[in-house]
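# Could you look at this predicted model? Sequence included:
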Amino acid sequence: MSRPRTPLVAGNWKMHKGPAEARAFAEELLRQVRNDKGEMTKAGGVEVAVFPPFTALPAVAEVLKGTALSYGGQNCHWESKGAFTGEVAPGFLAELGCRYVLVGHSERRFLFGETDETCRKKLRAAVAADIEPVLCCGETLAEREAGRTFEVIERQLRAALAAPPPPASFTIAYEPVWAIGTGRTASPGQAGEAHRFIREWLSRNLSPEAGERTRLLYGGSVKPDNFGELLKQPDVDGALVGGASLDIASFCGIASSATSYLTGLI
Ligand code: PGA
């Protein structure tokens, strides 16, 4: 079955895995998804990426650079250098071969005080450094129960994306906060509806092309046994996976359930 956008299965390791463990995981991941000829067998037609902690990025880069697997940073600063203790510039990630960087993950927003405005600056800085930002958005349980889901998503999108000039290339992860790390996944219908809203917003407010080409990932308690159903939603182009990306079997299980779906097995 052909899809207009290549699905992306991305593992957000959060504050898990130091350099040694991350390197071993990356080596095993390569072994699992490729055959002897280097073809992606377990994850055919799907892009797979990991987001290790900063200190593990060089080890992961050594293993994955030049392969079909991608990697990225979990965060970055918006300046290219300066007196910003503890921060990492997008250019430093680019130097390690990162293809992506997460921007505005809800843990960054709620635990570390990131705002819509810092997300806007980070997103632009990432694009300027040739790194594709993965902008995270999504509502809390209270916001959903108050019927404010779309209003919140729209505010987050508008703040990060609407100021001119529009960023050239980015990915969006819709991650309802109530589904992150809780074992409570959005139903395929809930995810599909939010993704459709986001795609229509992009088409209307950026351009029809942006609506058509931008990949929209779902995140929040994705597991091998629920991902196939989520991917059946036409506007869901992949997953941002937290807990289930820490275990090689479940992460590969998610990638291969995407491949099975694409080849019409489920
Ligand atoms: P989870 O995390 O899969 O553990 O719910 C997702 C995320 O925070 O990106």
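Nice, thanks for sending it over. Fair warning: this is a prediction, and the values are worked out from it, not measured in the lab.
# which ones are touching the residue in the stretch 101-250 of the chain positioned nearest to the ligand?
The ligand sits closest to G242 of the stretch 101-250 of the chain, with a gap of 2.2 Å, by Cβ to the nearest ligand atom. In this view, the C-beta of every residue, glycine as well, is placed from N, C-alpha and C. By Cβ atoms under 8 Å, 6 or more residues apart in numbering, the residues touching G242 are N12, K14, I180, G181, G219.
# mind running it again at 6 Å?
N12 (Cβ atoms under 6 Å, 6 or more residues apart in numbering).
# backbone phi and psi for it, please?
Backbone torsions of G242, given as degrees, to the nearest 10, read phi -90, psi -100.
# That one and L262: what is the separation?
Using Cβ to Cβ, to the nearest Å, G242 is found at 23 Å from L262.
# and after the helix ranked longest in the chain, which helix or strand comes next?
Across the chain, the longest stretch assigned as helix under DSSP state H is helix 188-205. Remark: after helix 188-205, the chain's next helix or strand is helix 208-213, criterion DSSP states H and E.
# Could I get the CA-only coordinates of that following helix as PDB?
Extracted C-alpha coordinates of helix 208-213, given in PDB (Å, rounded to 0.1, in the frame of the first residue of the first chain):
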ATOM      1  CA  PRO A 208      -1.300  23.200   0.800                       C
ATOM      2  CA  GLU A 209       2.100  21.700   0.200                       C
ATOM      3  CA  ALA A 210       3.100  22.000   3.800                       C
ATOM      4  CA  GLY A 211      -0.100  20.200   4.700                       C
ATOM      5  CA  GLU A 212       0.500  17.500   2.200                       C
ATOM      6  CA  ARG A 213       4.200  16.800   2.900                       C
END
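# helices and strands around it, which ones?
helix 188-205 (3 or more Cβ pairs under 6 Å, 6 or more residues apart in numbering; DSSP states H and E).
# Pretty sure R5 sits against R215.
Yes. The criterion here is Cβ atoms under 6 Å, and R5 meets it with R215 at 5.0 Å.
# Quickly list what's touching both of those two.
D237.
# which residues of this structure score low on pLDDT?
1-2, 35-43, 265-266 (pLDDT under 70).
# for it, what spans make up the helices?
Under DSSP H, the chain gives helices at 19-33, 57-64, 90-95, 106-111, 116-128, 141-145, 149-161, 188-205, 208-213, 224-231, 248-262.
# Turn those helices into CSV, including mean neighbour count and distance to P176.
As requested, the helices of the chain are exported to CSV (neighbours: other Cβ atoms under 10 Å; distance: least, Cβ to Cβ, whole Å):
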stretch, mean neighbour count, distance to P176
helix 19-33, 18, 27
helix 57-64, 20, 28
helix 90-95, 19, 27
helix 106-111, 17, 9
helix 116-128, 20, 17
helix 141-145, 14, 7
helix 149-161, 19, 8
helix 188-205, 18, 7
helix 208-213, 14, 21
helix 224-231, 20, 12
helix 248-262, 21, 18
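# Format the ones you listed as a markdown table; extra columns: distance to the ligand.
Formatted as a markdown table, the helices of the chain follow (distance: least, Cβ to the nearest ligand atom, whole Å):
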| stretch | distance to the ligand |
| --- | --- |
| helix 19-33 | 16 |
| helix 57-64 | 17 |
| helix 90-95 | 18 |
| helix 106-111 | 7 |
| helix 116-128 | 15 |
| helix 141-145 | 14 |
| helix 149-161 | 15 |
| helix 188-205 | 13 |
| helix 208-213 | 22 |
| helix 224-231 | 11 |
| helix 248-262 | 10 |
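# can you list the ones you listed in TSV and add distance to A49?
Output for the helices of the chain, formatted as TSV (distance: least, Cβ to Cβ, whole Å):
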stretch	distance to A49
helix 19-33	10
helix 57-64	9
helix 90-95	13
helix 106-111	18
helix 116-128	15
helix 141-145	28
helix 149-161	20
helix 188-205	19
helix 208-213	18
helix 224-231	15
helix 248-262	10
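# All set now, cheers.
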